[in-house]
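J.: Turn this into a model:
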Amino acid sequence: MKSKLSLAAPLAALLLLLAGLVYALPDLRVVTDTHQHELKNEFNREQYRALVDAFDDVENWFTDGTQDLNVVDVTAAGTVSAEQLTSTDDATVADDLLVEGDGDVNGTLTATTLTVTGTVSAEQLTSTDDLRVENDALIFGAVDVAGNLSASDITAVGDLTVWPDMTGGNAGAKNEMIGLPRITFVELLTGTNGTTETAGYIDTTPTGEWAEVDAGGNITVTADTTIYRHTANSLKLAFTAVITAEGVDGTIAQDDLSGNESLGFWIYSTEALTAGDFVVTLDDTDGEDQGYDVPAMSAEVWTWIELDISGCDANCNTVDGVQFLATEQGAASLTAVDVYLDGMYKWDADDEEDLGLSIVQDGVINVLTIPTAAGTANTWGVAVENVDFFVNYADGADGIVWITDQSTVQALAFVAY
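T.: Predicted coordinates for the structure are as follows:
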């Protein structure tokens, strides 16, 4: 309901309007007409018209309670009840909030008790008491609930935090997440020696290892410590102009990739990319370079890319460089763009252990190892991600790829999926 009573209307008009509610709603027009002469004497013409319009709005509001309440900010000290709640900013209720339908808040939704029978969608949800949603709750920010959180399905894009009991654990009280967690152990085979075929092309020190292909000045290459994914920095490629066949070249120790199957890396772009805007080229000394299109990806989100290089064969037996280049398509669709690359590896399929599950991102919680040789101490060890192995997020079941020599141990992965 969009009220026609402007903020300029006097307080006296509002008081008179509230007083009029003691009468039956159908009589509101009668009251208005009967006292028209007195009202004109008490208020100027604009104030009188605003008051009459306000009576119309209130009459419509109370006779048709199914209208939606659409606001920028909701602030109430008592109870708010609505069929549907839509706010383009923050919604704050000091007491209870009851929504019979859907609640859609683009800002922060704060209430003592929140009861919604439809779907809750919010950027951030904060409750000092209980939260109960009979349908689904989709939260794009943080979820902070001091009481009970109840919904058919809860999806949080941000963190989901369960605070300790507010009494500090009085009489054994504690807050718990109840249900089956989606975590499990995966038994792996005896490891392999990853040092033989697994090689990192973008590591923790990319400075000086990559440079603009033709030194034309359209690309600035730096190690970035703000946007990174793999360790503590990434390789930033700042394209002030996107020109066909221009990009960067990473020099590597000459290597035979003809027997390898995959090349993978993390990529982040400030612009959405269409498949084929950029190409990764394996620069072979015999001049038979092989190029692989970078798939489509969304803007401003780290994405793991695996390229199938199994068909490279003899054309990749003396590779001494890896290039990241713009294509004619990319030059036509992009102007300036920043691209960040991190954790680039090539590897052989024999060094990859299939987890048998599609895990969540960062879902390898731990990898335990134990020696396999007879007569050795059965002492558990821990393989470290991005040091001893990295995760290949594949289509379907994901896997871990050994970087270091794990040929003398058997492993047990603890994963979330």
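J.: remind me which residues of the stretch 51-200 of the chain are low pLDDT?
T.: 51-84, 94-96, 100-102, 112, 129, 146-147 (pLDDT under 70).
J.: now do 80
T.: 51-152, 154-158, 160-166, 177-178 (pLDDT under 80).
J.: Tell me how far the lengthiest strand in the chain lies from the chain's centre.
T.: With residue count as the measure and DSSP state E as the assignment, the chain has strand 337-347 as its longest strand. How far strand 337-347 lies from its chain's middle: 20 Å, per CA atoms, centre = their mean, to the nearest Å.
J.: Show me what it packs onto, helices and strands only.
T.: Contact here means 3 or more CB pairs under 8 Å, 6 or more residues apart in numbering; DSSP states H and E; on that basis strand 337-347 packs against strand 199-202, strand 234-239, strand 262-269, strand 319-326. Using the backbone N, CA and C atoms, a C-beta is placed for each residue, glycine as well.
J.: out of those, nearest to Tyr393?
T.: strand 262-269 (8.6 Å; CB to CB).
J.: what does that closest one rub up against?
T.: With contact meaning CB atoms under 8 Å, 6 or more residues apart in numbering, strand 262-269 is reached by 201-202, 227, 229-230, 234, 257, 280, 282, 292, 294, 297, 299-310, 322, 337-347, 349, 352, 392.
J.: May I have stretch 291-299 as PDB, with CA atoms only?
T.: Extracted C-alpha coordinates of stretch 291-299, given in PDB (Å, rounded to 0.1, in the frame of the first residue of the first chain):
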ATOM      1  CA  GLY A 291      45.800 -24.200 -28.500                       C
ATOM      2  CA  TYR A 292      42.900 -25.000 -26.100                       C
ATOM      3  CA  ASP A 293      39.900 -22.700 -25.700                       C
ATOM      4  CA  VAL A 294      39.200 -21.300 -22.200                       C
ATOM      5  CA  PRO A 295      35.600 -22.200 -21.300                       C
ATOM      6  CA  ALA A 296      32.800 -19.800 -20.500                       C
ATOM      7  CA  MET A 297      32.900 -18.400 -16.900                       C
ATOM      8  CA  SER A 298      31.100 -15.800 -14.800                       C
ATOM      9  CA  ALA A 299      32.700 -12.500 -13.700                       C
END
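J.: and it, which residues are buried?
T.: Using 16 or more other CB atoms under 10 Å as the test for burial, stretch 291-299 gives 292, 294-295, 297.
J.: got it, and stretch 105-124?
T.: Buried residues in stretch 105-124, counted by 16+ other CB under 10 Å: 105-116, 118-124.
J.: so who does Asp255 touch?
T.: Applying CB under 8 Å, 6+ apart, we find Asp255 in contact with 199, 319-320, 346.
J.: Most neighbours among those residues, which one?
T.: Highest neighbour count within the contacts of Asp255: Val319, with 26 neighbours (other CB atoms under 10 Å).
J.: pLDDT value on that residue, please?
T.: On pLDDT, Val319 comes in at 94.
J.: ok, it - contacts?
T.: Contacts for Val319 were tallied using CB under 8 Å, 6+ apart; they are 252, 254-257, 282-285.
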